[in-house]
Structures are given as structure tokens and as C-alpha cells.
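S.K.: Here's a sequence, model it:
(one chain, ligands or ions: 2)
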Amino acid sequence: MTAAGAEGPAGPSGVSGDGKAAGCELCEAARFTPWHHEDDLCWVADCEACDVPIVVWNRHGIEPPQADLERMLATLKTVADRLFGPEGWYVDRNMRQIPDHFHAHGRANDWLQRRNRFR
Ligand SMILES: [Zn+2]
Ligand SMILES: [Zn+2]
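M.R.: Ligands and ions are numbered 1, 2, ... in the order given. Okay, the predicted model is just below:
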């Protein structure tokens with residue numbers, strides 16, 4: 001992996017040509033936590049609040065096409081299986097904090113205890 005510079009200009013008017021929305025935390029995709037995966041469809045990083053991986057769509061919106069949705073969940077599964085084991089986690093598609101940009105958490109079954117232990 002090489003350190004990339006700016007990913008491309010975001011227009012001053014808000015949503016840029018590639019479907020990003022200005023001011024959206026997930027569109028900005030700030031790398032404040034380790035990234036596990038990145039491709040043209042989505043990226044997987046640790047959720048800052050939960051300490052579990054989240055898969056985030058590369059576009060701003062909440063209804064990815066079914067094929068893309070399945071690919072994103074499969075990507076999340078690859079990462080979460082590696083971290084927690086195939087039986088050790090579940091998909092949480094509740095988008096409490098950022099309801100207008102698709103993302104899904106891969107929560108370890110004991111993620112609350114894990115979080116408390118580290119804080
Ligand atoms: Zn979270
Ligand atoms: Zn967004």
C-alpha cells in the first residue's frame with residue numbers, strides 16, 4: 001500500500017461528480033483508524049466508536065444495488081471472519097449515527113465487553 005494524497009477534488013458546491021456529499025463523515029472517509037480493505041465499491045475500517053470493522057459504500061446514499069450490497073457484506077465477512085472467527089460476529093445494519101450513507105458494522109458477539117475492557 002502506498003500513501004495516497006488527495007483522492008480527487010470535491011466540488012465546493014456539495015456533492016461531487018463521484019457521488020460524495022460534503023460534510024458527510026463517511027464520504028470524507030478520514031483515516032483515523034486502521035483500514036482493512038479498500039476497492040472501487042467500498043472500504044472497511046474500524047469504527048471509531050465501536051472498535052469493530054465497518055464496511056462503507058463509496059457513494060453517498062442508503063440503497064446500493066443488490067449485487068453491490070452483497071459484495072459489500074461479503075467484504076465485511078472476509079474481514080470480520082479473520083478478526084473474530086466465522087461464528088464470532090454478526091452484521092449490524094442499523095445506521096444510528098449516520099443514517100443517510102450506507103454502512104454496516106461487523107460486531108463481535110462480545111463487542112460491548114471488548115469495548116469496555118479497552119476503555
Ligand atoms: Zn460504530
Ligand atoms: Zn456520505
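S.K.: Show me what from this structure comes close to ligand 2.
M.R.: 21, 24, 26-27, 60, 101 (CB under 5 Å from the ion). Where C-beta positions appear, they are placed from N, C-alpha and C, glycine not excepted.
S.K.: from the residues you listed, which is closest to W111?
M.R.: Checking the residues of the chain next to ligand 2 against W111 by CB to CB gives L26 as the nearest, at 19.7 Å.
S.K.: After the helix ranked longest in the chain, which helix or strand is next? Please name it.
M.R.: Across the chain, the helix with the greatest residue count (assigned by DSSP state H) is helix 66-84. In the C-terminal direction, the helix or strand that comes right after helix 66-84 (DSSP states H and E) is strand 89-92.
S.K.: quick one: strands adjacent to that following strand?
M.R.: strand 103-108 (antiparallel) (DSSP bridges).
S.K.: Just the buried positions in the strand it pairs with, please.
M.R.: Neighbour-count burial for strand 103-108 flags 103-108 (criterion: 16 or more other CB atoms under 10 Å).
S.K.: of these, closest to ligand 2?
M.R.: Nearest to ligand 2 among those: H103, at 9.0 Å, using CB to the ion.
S.K.: backbone phi and psi for the nearest residue to the closest one once chain neighbours are set aside, please?
M.R.: Excluding the flanking residues, the one nearest H103 by CB to CB, 6 or more residues apart in numbering is V56, at 4.5 Å. When quoted as degrees, to the nearest 10, the phi and psi of V56 stand at phi -130, psi 130.
S.K.: one step back: tabulate the residues of the chain next to ligand 2 (TSV), appending pLDDT.
M.R.: Below are the residues of the chain next to ligand 2 laid out as TSV (pLDDT from 0 to 100):
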residue	pLDDT
A21	91
C24	92
L26	91
C27	90
H60	95
H101	96
